[in-house]
Structures are given as structure tokens and as C-alpha cells.
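Asks: Below: sequence and its predicted model.
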Amino acid sequence: MPLVSRSEIEELEKQLERAARDGHTEDLSIIGYGEVTIAVKLGTSHGDFACKRLVPFSTAGAARRTAALIASYVEQLEACGIEVVETETPILESNRGHVLYCVQPLLRPGTLGPDFLRHKTGEEAAPYVRRIFEHIRASVTPSLAPDGQLSNWAIEDDHLRYLDVGTPFLRDERGRDLFDFTEQTRALPGPVRLIVNRFLLRGILDNYHSVRGQALDFLGNLIKEGLANLLPSLTPVANEVFDLDPQITEREVRAHYKSDAQTYAFVQAARRADRWVYRNLLRRPYPYLLPPRIDRFGQGS
């Protein structure tokens, strides 16, 4: 039996389309935004679910291939010892293309990594983060990688689970990405999409297939989560578990994160400008829901 029925996910899609059309999200229970995706809570008579909506695909074949890749991705991560939250990938046809959802049971409040570590000291957080680092190190290869950021892990009674499988980081033996990430950058304005696809995308993806890149990304995003106070305790753990040489420093982490944050802030500013053009010049509804302005440098940064 599927986690959610087709009619339930179809009704959610209608709600999201209405929200994008009129710009009002009050009737949605938004869990969070990615740079181009959105995750929404879906309440049903048989439980609550987190539904991550990917950017609509250009063809039904592209959506089906992605669903198959996600299934393979989950299998490969689990073969490395990572417990992935149960995931289903229903596909719908909509006015804007072929929409794929990643549907997962909603986890208990307070179990997502940033919430779980929010009030812990560096010493208290270190054992949990060490376990995450060990899972990342065991799974990062030239052909496979998780998105190891803290927000993609849940800790339930010391039980570690992984969430984010919507963009499968899988490569073939020649280093070519099996998932077509340009399907997701379709949400960006044309000139920005060209810059990202041609000049930025490969470097961003290469970081995931490098333990050093994973370490810098994980530690840097603690700043965004308002957990920069943990950096002095967790940076040495990263150096030890990932056996980094040369070792990374807190200064390097902050510089890496600043560069990433500036890139993503530029992308979101361009998307807001694009929305303004749609609404005010073209007099057309903007087809995507954008995140509110993000404090990318958190508290204590």
C-alpha cells in the first residue's frame, strides 16, 4: 500500500499550483525550501507526510528515469550502511510538466539534525556528528555521494536516519552524472541558468564526491543553521574522521561557506527579479514558490 494515495498527492499539487498562481501560501504547511524545491506537510487520515516537490520535468521519460535513479540511489546508500527514510516517488502530469514528489513519513519534531543539536555544546554534539561523518566517509566514492548536510539527517533516540534522496548524486564509470541536474535548473531565469549550467554546476557537484568537499559543506552550513558555535569542536572531528591532509581550518570553512552563500544569494535574488517581471511586466503568474529571504549567516557567525 502506498504511503499516500494518488488523489491525495493530486490535491496537494492543486494547492501548490494555486499558491504559485496567487502568491499566497497561508493554506500550505511548508516544511522548508531548497534552492529550487519545496517540501510541504501533507496530513492524511493515516498519518502525516513530508512531500518534496522537484522542479517539473520536461518529459514523462525524464521523470520516470529520475524515479528509477532515486530507487537505485537509496539501494546504494543503504548498501553503505546508511538508513534511508522510507521514500516513494509518485509522478503527476500538470500544466507545467511532469511533477515528481519524494514522499516520506513525517519525522517527529526535534529530530532533524539542526533541531537536535540546537542546544547542545560542542562536546555533546561531537559523538552524533562523528557518526554522520563516518557514514559520509563510507559512502562517498567517484560514483556515489550523499548530500551530507546536517539538515538531511534525523536523530531519533540515538537512531540515525538519512532523508534527502530527491537529487541522486550518482555517476557512471566515466564520471558523468546519471541524474540530469539541468532539469532542475530550469527553475532559474534563462541567463542565470546558462551561467549555472556552464560554469558552476560541475564544480558544485564535484564537491559532493570529495570527502574534503563534504566536510567543508557540512561545517559551513552550520553557520546557516545558527550553529557556528559548534565549529571549534567539530572541525577537528572532521579532520580526524576524513583523515584530511592538509587539515581544514575554521577560517577555510568560513571562506568556503561565504563563497557558496554569495552564489546562492545571487541565484535567489535573480529568481525574485524574474518573479517581479512575470507579475508586473508580463502580467502572468510566476510558476514557482520562492523561499523567503534567507539569513544565510545565521546567529553566532
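Replies: Happy to help now that I have it.

Asks: Pairing partners for the helix or strand bottoming out on mean pLDDT in the chain, with directions?
Replies: Sorting the helices and strands of the chain by mean pLDDT, DSSP states H and E puts strand 91-94 at the bottom, at a mean of 91. Strand 91-94 pairs in its sheet with strand 97-105 (antiparallel), by DSSP bridges.

Asks: Just the buried residues of the helix or strand just after the partner strand, please?
Replies: Counting by DSSP states H and E, the next helix or strand C-terminal to strand 97-105 is helix 113-117. Across helix 113-117, burial judged by 16 or more other C-beta atoms under 10 Å covers Gly113, Pro114, Phe116, Leu117. Any C-beta I mention is one placed from the backbone N, CA and C, and that applies to glycine too.

Asks: Repeat that for stretch 1-9.
Replies: So, applying 16+ other C-beta under 10 Å, buried residues of stretch 1-9: Leu3, Val4, Glu8, Ile9.

Asks: got the contact list for the most centrally placed residue in the chain?
Replies: Closest to where the C-alpha atoms of the chain average out (C-alpha atoms, centre = their mean) is Gly34, at 5.4 Å. Applying C-beta atoms under 8 Å, 6 or more residues apart in numbering, one finds that Gly34 lies in contact with Lys52.

Asks: follow-up on the earlier one: CSV for the buried residues of helix 113-117, including pLDDT?
Replies: Putting the buried residues of helix 113-117 into CSV (pLDDT from 0 to 100) gives the following:
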residue, pLDDT
Gly113, 97
Pro114, 97
Phe116, 97
Leu117, 97
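
Asks: quick one: Lys14 and Arg171, what's the gap?
Replies: Taking C-beta to C-beta, to the nearest Å as the measure, Lys14 and Arg171 are separated by 36 Å.

Asks: neighbour-wise, which of those two wins?
Replies: Just comparing Lys14 and Arg171: by other C-beta atoms under 10 Å the higher neighbour count belongs to Arg171, 19 against 12.

Asks: Skip the chain neighbours and tell me the closest residue to that one.
Replies: Ser143 (4.8 Å; C-beta to C-beta, 6 or more residues apart in numbering).

Asks: hmm, back to that, which single one of the buried residues of stretch 1-9 is nearest to Val253?
Replies: Leu3 (37.2 Å; C-beta to C-beta).

Asks: need the longest helix for this protein.
Replies: Assignment by DSSP state H gives helix 250-276 as the longest helix of the chain.

Asks: That concludes my questions; thank you for your assistance.
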